[in-house]
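> based on what follows, work out the 3D shape:
(chains A and B)
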2 protein chains.
Amino acid sequence: MKLLEDRIRKEGIVLPHNVLKVDSFLNHQVDPQLMFEVGKEFAKRFADKPITKILTVESSGIAPAVMTGLAMQVPVIFARKHKSLTLTDDLYTADVYSYTKQTTNKISIAKRFISADDSVLIIDDFLANGQAVQGLLNIVDEANIEVQGIGIVIEKTFQKGRTLITKRNIQLEALAQISSLENGEVQFLN
Amino acid sequence: MKLLEDRIRKEGIVLPHNVLKVDSFLNHQVDPQLMFEVGKEFAKRFADKPITKILTVESSGIAPAVMTGLAMQVPVIFARKHKSLTLTDDLYTADVYSYTKQTTNKISIAKRFISADDSVLIIDDFLANGQAVQGLLNIVDEANIEVQGIGIVIEKTFQKGRTLITKRNIQLEALAQISSLENGEVQFLN
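Predicted coordinates for the structure are as follows:
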């Protein structure tokens, strides 16, 4: 998605340890117009799939997920992050390890919002090692519902997230694919 | 806003201690179409104000804020919540006490995204005791920028949040105003 790549080229900041900071339009300051285009693009790419709900994780997934939900006219559920959980009877939960923060969070989704009839699209802002997506996939498996696809705003193709998804034969769409951040420079795939 | 009040009547769950749960369309599962209407409504009510940015707090403020940003064509900044903060040089920070969780969080906004030229609209999902809004107002004061208005999706008028805002002479628009949750029943103002 050229609009997005241009924005990354212009405003993305490369930090040590392969971190790409895009907090001027995606995960601290948000550009609603860009997110609207992102949502329409995901809707187009998954147009042939019978999607009933969109799942994401708070907080940075919410803006692109809600815009995709607007374009596809389906509800969005954002999983909550917790340090720990005591009462989990009504929740699907999964552990998510953050390589950046080196901490494990639990994420949860209330059971009453997903049922076996649902088939879902997972949306997230970044795909790197795929820990957040894996957490959502664990919840989806526990709930015994079908995943129709995974939509990622920015993928770092040199990390292992993609493999984790494609080995399950799930359609993966990434709107910007970054193949390298070496020497502080953003390289896109192709 | 009738669409919103109808939805609260239909799906809102009243819990002890004056808690209204609306997690089926606002703060866990999100209805993107409803949020789109919410955004357009805020844009209409603040149409005469020279707003350059929208501020909110993660996570539940993001969906209505981003839709308002879409309608008004301005960027949205969501303040981050932290348990604690060590490095704060580049951040505006404020303490926010949560009556529901009985904990204090710090919220922060990167200094580089707001400047003295900005005049902002604050958007949030709920107004009860006004702690989150007060935190954002503290940041705005520290940054020395002007607040053009505050837009709230659901206000509980029997709690003290409104006073806190109106005594500063800031335009406050709440799309649903709840005057009582007594006996487990939602009563709207008027």
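> in chain A, which spans are helices?
Applying DSSP state H to chain A gives helices spanning A:2-11, A:32-45, A:62-72, A:131-143, A:161-166.
> which helices and strands sit right next to the third one?
Just to be clear, that refers to helix A:62-72. On a contact count with 3 or more C-beta pairs under 8 Å, 6 or more residues apart in numbering or on different chains; DSSP states H and E, helix A:62-72 meets helix A:32-45, strand A:53-57, strand A:76-82, strand A:119-127, strand A:146-156, strand B:29-30, helix B:32-45, helix B:62-72. Where you see a C-beta, it was placed from the backbone N, CA and C, and this is true even at glycine.
> before we move on, back to that, tell me the most buried of the helices of chain A?
Comparing those by mean neighbour count (mean count of other C-beta atoms under 10 Å in any protein chain shown), helix A:62-72 comes out on top with a mean of 28.
> so what touches it?
The contact list for helix A:62-72 (C-beta atoms under 8 Å, 6 or more residues apart in numbering or on different chains) reads A:26, A:30, A:32, A:35-36, A:38-40, A:42-43, A:46, A:51, A:54-56, A:75-76, A:78, A:121, A:123-125, A:151, A:153, B:30, B:32-33, B:35-36, B:59, B:62-63, B:66-67, B:70, B:76.
> and the angle for it with strand B:76-82?
Computed by axes from the mean of the first three to the mean of the last three C-alpha atoms, to 10 degrees, the angle separating helix A:62-72 from strand B:76-82 equals 130 degrees.
> what about helix A:62-72, average pLDDT?
Taken as a whole, helix A:62-72 has an average pLDDT of 98.
> most centrally placed residue in chain A?
residue A:124 (1.3 Å; C-alpha atoms, centre = their mean).
> ok, it to residue A:109 distance?
14 Å (C-beta to C-beta, to the nearest Å).
> kindly report the same for residue A:85.
Taking C-beta to C-beta, one finds residue A:85 at 12 Å from residue A:109.
> mind listing what the closest residue in space to residue A:132 that isn't next to it in sequence touches?
Excluding its sequence neighbours, the residue lying closest to residue A:132 (C-beta to C-beta, 6 or more residues apart in numbering or on different chains) is residue A:57, at 5.0 Å. By C-beta under 8 Å, 6+ apart, the residues touching residue A:57 are A:78, A:79, A:81, A:96, A:107, A:124, A:132, A:135, A:136.
> at 10 Å instead, please
Residues in contact with residue A:57 (C-beta atoms under 10 Å, 6 or more residues apart in numbering or on different chains) are A:65, A:77-81, A:94, A:96, A:105, A:107, A:109, A:122-125, A:131-133, A:135-136, B:59.
> please apply the same query to residue A:172.
Counted by C-beta under 10 Å, 6+ apart, residue A:172 has contacts A:122, A:127, A:133, A:149-152, A:155, A:161-162, A:164-166.
> repeat for residue A:153
Contact analysis of residue A:153 by C-beta under 10 Å, 6+ apart lists A:1, A:4, A:8, A:22, A:26-27, A:34-35, A:38, A:41-42, A:60-61, A:63-65, A:123-127, A:174-176.
> how near is residue A:124 to residue A:54?
11 Å.
> hey, what's in contact with both of these two?
Between them, residue A:124 and residue A:54 share the contacting residues A:61, A:64, A:65, A:151, judged by C-beta under 10 Å, 6+ apart.
> and which of those is nearest residue B:180?
The closest of the shared contacts of residue A:124 and residue A:54 to residue B:180 turns out to be residue A:65 (C-beta to C-beta; 34.0 Å).
> how close does the closest one get to residue A:150?
12 Å.
> give me the common contacts of those two.
A:55, A:121, A:122, A:123, A:124.
> the second one against residue A:56, yeah?
In this case it means residue A:121. Yes: counting by C-beta atoms under 10 Å, residue A:121 does reach residue A:56; the two are 9.4 Å apart.
> who does residue A:104 form a beta bridge with?
residue A:97 (DSSP bridges).
> run a quick neighbour tally on it.
Using other C-beta atoms under 10 Å in any protein chain shown, residue A:104 has 12 neighbouring residues.
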